[in-house]
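Colleague: Any chance you can model this:
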Amino acid sequence: MTTKNKGLTNHEVTVCLKGGAVLGPFKATWSTEVVSDVRELLKDYDAFLQTGKQTRFKYHLHDSEKRLSHTLVLHFTNVTGIYDCVELSEG
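Modeller: Residues are numbered from 1 along each chain as shown. Predicted coordinates:
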């Protein structure tokens with residue numbers, strides 16, 4: 001994936017679960033041209049932490065470099081944290 005895409009960000013997402021289990025890391029790309037739920041996952045989890053309510057359970061994380069799609073089905077009551085490492089583009 002080239003950095004020519006407008007607003008391109010490359011993420012590496014790891015989900016920590018109750019009991020110590022870990023899902024990931026999952027590589028995911030987001031841009032205005034690439035459909036991926038990586039940002040929505042983090043926004044929804046943050047909203048859950050504030051309100052205790054969850055309305056969405058399935059997220060698709062697209063890795064454009066390897067041409068993979070990861071599907072995560074999560075109940076946030078079982079999640080203890082989400083780590084999102086974002087590759088920053090140069091100047």
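Colleague: Low-confidence ranges, this structure, go.
Modeller: 1-7, 90-91 (pLDDT under 70).
Colleague: can you give me the helices for it?
Modeller: Assigned by DSSP state H, the helices in the chain fall at 38-51.
Colleague: Which residue lies nearest the spatial centre of it?
Modeller: V38 (3.1 Å; Cα atoms, centre = their mean).
Colleague: Could you find the closest non-adjacent residue to that residue?
Modeller: Counting by Cβ to Cβ, 6 or more residues apart in numbering, V38 lies nearest to A28, which is 4.2 Å off, once chain neighbours are set aside. C-beta here means a position set from N, CA and C on the backbone, and glycine is covered the same way.
Colleague: what sits against the one you found?
Modeller: N10, H11, E12, V13, S36, V38, L61, H62, D63, H70 (Cβ atoms under 8 Å, 6 or more residues apart in numbering).
Colleague: ok, the residue lying closest to N10 once chain neighbours are set aside - contacts?
Modeller: In space, and not counting its chain neighbours, N10 is closest to E87: 4.1 Å by Cβ to Cβ, 6+ apart. Residues near E87 by Cβ under 8 Å, 6+ apart: T9, N10, H11, E12.
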